[in-house]
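Colleague: no FASTA, just this:
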C-alpha cells in the first residue's frame, strides 16, 4: 500500500520545489496585487474598504501616470524595433564564417553581458554637459539628462545599445542554423540581396524574430532601471518633471518611496494588462506571418 | 591561352581574398565602434582627475594612471560588493538548476493527473513580467524577515519558468528505452534522475547555469529593494551609489574603475562560454 501511495505522489514531489517558489513569488503576489487594487488600503496595507474601480479611475486620471504611460509606449516603439533591426543587420554581416569572425561576433554580442547599472554609469559620464565625450566631440552644449527635450531620448539610446547584443546573438544563431542547401537553392533561383532577405531569410528566422519581439516588449513595458539610476534625484522619479517617468518607475515612486499603495497596486495592474495586450498582439501577428516550417 | 586563364584565375582568387580581408576588417571596426562606451570607460578609468575634468577632447589617457583603481579598491568595499553579487548569482543559479531539472524530469518522464494544467501554469507564468511583481514580493520578503539577507536577495530567483521549459524540451529528446532499461535494472526514479539523467545533461545544465549567472549577476532592481545597508549591497547597486548625485564624492575616474572591475566577471564568463550560450538558446528557447 505504502509503495503504491508513493508511486502516485512521486511525480508531484519533483514538482514541489519549483511550484512552491512559483506560487509564492509569481502567482501569489499577482493575485494579491489584483485583489488589493480593488480596495482602499492604509500605509500598513490593511484593507479599509472596498473601492471598486476607484483606484483605477484615480490612476488613469493622474496626469503623471498618463505621462508615464505615454513615455513607456514611446520607449517600447523606439527601443524594440530599432534594436531588433540593428541586431538583425549585425547578424546578417556575421552570418558567414570567416577567419576572424569569432572576434567580431563577440564584439557584436558583448553588450548582452553589460549590466544596466554599469552602462548607465558610463553614459552618465558620456552625457555630462561639461566633461562628457558626447558634447565634447559634437561641439554642442546640451544637458542630455536634465533637459526635458532630450532626457527620454538619452535613456532610449542607452536601452537600444543594451538590447543589441541580445537581439544579435539570437538572430545570429538562427541564421547560422539555416541549412546551406536552402540558401544555395534560393540563390540558384535568383534570390539575392533584398530579395533573398525578404523572401528567404526573414521568413526562415521569423520564429526567432517573434520570440525577441515578445521578450523585448515585455521587458520595455516593465522597465524602470535606467530611469531610477539616471533620472531619479532626491526621491523624485523620472526627472526632469516626469519626462522620463515609466509605468514601473511611477509604481516604484508610489509604493517604495511614498507609501501610496492604492495608486501603486492599480498602476501595477494597468502595467501588466498593457504588457499582456502587447504580447498577445505580437502573437496574433505570429499566427498570420510567422513561418514555422 | 591556358596560362592566361590561369593568371585570370589567380587574379580573381586574389581579388576574393582582398575582398574577404576588407570585409572582415570592416566588421571588426564596426564591432569596436559598437563597443566604444566600454572602451571609453576603460580609458577614463586610467585618467588622472584633471584629465577627466578638462574641456579638451582626448579619448585616450596620457599615462597609465592606477590611482582610480587604488581608490576604488581601498575606499569603496568593492570586494565585498562583488562577493555579495557572486553569492547571489552563484547560489541562485545552482538552486534554479535543481528546481528546474526536477520539475522538467517530472514533466518529461511521468504521466499523471493534472500534468497538462500544471505545465500550463509554468508556461503561463512567463507572461507575468518579473518586474511587475517586485513590490508585492518585497512585502513578502519583509514579512519573512529576509531584508538585508542573502536569502532575501536570492529567493525570487530560485525558479525560472524558462529554465523548466528549456530542460523539459531537452529531456523529451532523451531516450525512453534507456530509462526503461535503468528501471528494469532496479534503478529507482530518483537514482535515475541524479545518477544518469543529470550527468548526461551537462551541456544544457551548463547553458542554463551560465545565462542564469550572467543574468542574476547583472540584476539591479530586486537587490536595490531588499537591501538598505552598505555591507549587503550587490556590485550593481553599489556602483550607482558612487554616483555624485547620491551625495558621495568619488570622481568619475574612480566610478569608471569600479565599473570596469565589476564588468570583468560577467564579460569573462560570457566570452569563455559564448558558444555554449548561443547553442543553448537555440535548442531551448526558440524551437519547440
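Modeller: Nice, thanks for sending it over. Remember, predicted model here, so these are calculated numbers, not experimental data.
Colleague: quick one, helices of the stretch 1-150 of chain B?
Modeller: Counting by DSSP state H, counting those that start in this stretch, the stretch 1-150 of chain B has helices at residues B:2-34, B:36-45, B:49-53, B:67-75, B:78-109, B:115-124, B:134-143, B:150-154.
Colleague: what's the first helix or strand after the lowest-mean-pLDDT helix or strand in chain B?
Modeller: Every helix and strand of chain B was ranked by mean pLDDT, DSSP states H and E. The lowest is helix B:176-184, at a mean of 81. Where DSSP states H and E defines the elements, the next helix or strand beyond helix B:176-184 is helix B:189-191.
Colleague: return the distance of stretch B:205-222 from the chain's centre.
Modeller: Taking C-alpha atoms, centre = their mean, to the nearest Å, the mean C-alpha location of stretch B:205-222 is offset from the chain mean by 4 Å.
Colleague: what mean pLDDT does it have?
Modeller: Averaged over stretch B:205-222, pLDDT sits at 88.
Colleague: try stretch B:252-270
Modeller: 91.
Colleague: quick one: that stretch near chain A?
Modeller: Yes: under the criterion of C-beta under 8 Å from any C-beta of the partner chain, chain A is reached by stretch B:252-270 at B:252, B:255-256, B:259, B:262-263, B:266-267, B:269-270. For glycine as for every other residue, the C-beta is placed from the backbone atoms N, C-alpha and C.
Colleague: hmm, back to that, now distance to chain A too, for the helices of the stretch 1-150 of chain B, in TSV please.
Modeller: Listed next are the helices of the stretch 1-150 of chain B as TSV, based on distance: least, C-beta to the nearest C-beta, whole Å:
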stretch	distance to chain A
helix B:2-34	3
helix B:36-45	5
helix B:49-53	6
helix B:67-75	12
helix B:78-109	4
helix B:115-124	6
helix B:134-143	3
helix B:150-154	11
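Colleague: in TSV: those helices, plus mean pLDDT.
Modeller: Listed next are the helices of the stretch 1-150 of chain B as TSV, based on pLDDT from 0 to 100:
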stretch	mean pLDDT
helix B:2-34	85
helix B:36-45	95
helix B:49-53	83
helix B:67-75	90
helix B:78-109	95
helix B:115-124	93
helix B:134-143	94
helix B:150-154	96
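Colleague: mind putting those helices into CSV with mean neighbour count?
Modeller: Listed next are the helices of the stretch 1-150 of chain B as CSV, based on neighbours: other C-beta atoms under 10 Å in any protein chain shown:
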stretch, mean neighbour count
helix B:2-34, 12
helix B:36-45, 20
helix B:49-53, 15
helix B:67-75, 17
helix B:78-109, 21
helix B:115-124, 15
helix B:134-143, 19
helix B:150-154, 21
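Colleague: how about JSON lines for those, with distance to residue B:222 added?
Modeller: Shown next, in JSON lines, are the helices of the stretch 1-150 of chain B (distance: least, C-beta to C-beta, whole Å):
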{"stretch": "helix B:2-34", "distance to residue B:222": "29"}
{"stretch": "helix B:36-45", "distance to residue B:222": "25"}
{"stretch": "helix B:49-53", "distance to residue B:222": "32"}
{"stretch": "helix B:67-75", "distance to residue B:222": "24"}
{"stretch": "helix B:78-109", "distance to residue B:222": "9"}
{"stretch": "helix B:115-124", "distance to residue B:222": "21"}
{"stretch": "helix B:134-143", "distance to residue B:222": "6"}
{"stretch": "helix B:150-154", "distance to residue B:222": "7"}
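Colleague: list just the one of the ones you listed that sits closest to residue A:142.
Modeller: The closest of the helices of the stretch 1-150 of chain B to residue A:142 is helix B:36-45. By C-beta to C-beta, the value is 17.8 Å.
Colleague: and residue A:40, its phi and psi?
Modeller: Main-chain torsions, residue A:40, degrees, to the nearest 10: phi -90, psi 130.
Colleague: how close does it get to residue A:261?
Modeller: Residue A:40 sits at a distance of 9 Å from residue A:261 (criterion: C-beta to C-beta, to the nearest Å).
Colleague: ok so, going back, out of the helices of the stretch 1-150 of chain B, which gets nearest to residue B:60?
Modeller: Across those, closest to residue B:60 is helix B:36-45 (C-beta to C-beta), at 5.5 Å.
Colleague: ok now the closest one, how far from the chain's centre?
Modeller: 21 Å.
Colleague: and the angle from it to helix B:2-34?
Modeller: If you take axes from the mean of the first three to the mean of the last three C-alpha atoms, to 10 degrees, helix B:36-45 sits at 60 degrees to helix B:2-34.
Colleague: what angle do helix B:36-45 and helix B:67-75 make?
Modeller: Going by the same axes, to 10 degrees, helix B:36-45 makes 80 degrees with helix B:67-75.
Colleague: got a list of contacts for helix B:36-45?
Modeller: Contacts to helix B:36-45, defined as C-beta atoms under 8 Å, 6 or more residues apart in numbering or on different chains, come from residues A:110, A:114, A:118-119, A:122-123, A:125-126, A:133, A:161, B:32, B:52, B:59-61, B:68-69, B:252-253, B:256-257, B:259-260, B:263.
Colleague: OK, contacts around the one residue sitting closest to the centre of chain A?
Modeller: Per C-alpha atoms, centre = their mean, the C-alpha nearest to the average position across chain A is that of residue A:219, at 1.8 Å. Listed by C-beta under 8 Å, 6+ apart, the contact set of residue A:219 reads residue B:129.
Colleague: what is the mean pLDDT for the helix or strand where it lies?
Modeller: According to DSSP H and E, residue A:219 maps onto helix A:206-221. Averaged over helix A:206-221, pLDDT sits at 88.
Colleague: ok, back up a step: elements contacting the least confident helix or strand of chain B?
Modeller: Of the remaining helices and strands, none touches helix B:176-184 by 3 or more C-beta pairs under 8 Å, 6 or more residues apart in numbering or on different chains; DSSP states H and E.
Colleague: in it, what counts as buried?
Modeller: For helix B:176-184, burial by neighbour count (16 or more other C-beta atoms under 10 Å in any protein chain shown) applies to B:179, B:182.
Colleague: what residues does it touch?
Modeller: The contact list for helix B:176-184, computed with C-beta under 8 Å, 6+ apart, reads B:109, B:189, B:191-192, B:196-197.
Colleague: just the buried residues from these, in ChimeraX please.
Modeller: To isolate the buried ones among those in ChimeraX, judged by 16+ other C-beta under 10 Å, type:
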select /B:109,189,192,196,197
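Colleague: which two in the contacts of helix B:176-184 are spaced the farthest apart?
Modeller: With distances taken as C-beta to C-beta, the most widely separated pair in the contacts of helix B:176-184 is B:109 and B:191, at 13.0 Å.
Colleague: out of the helices of the stretch 1-150 of chain B, the one nearest residue B:277 is which?
Modeller: Among the helices of the stretch 1-150 of chain B, helix B:78-109 comes nearest to residue B:277, with 13.3 Å by C-beta to C-beta.
Colleague: what angle separates that closest one from helix B:67-75?
Modeller: With the same axes, to 10 degrees as the basis, helix B:78-109 and helix B:67-75 are set at 80 degrees to each other.
Colleague: OK, contacts around residue A:285?
Modeller: For residue A:285, the contact set (C-beta under 8 Å, 6+ apart) comprises A:210, A:213.
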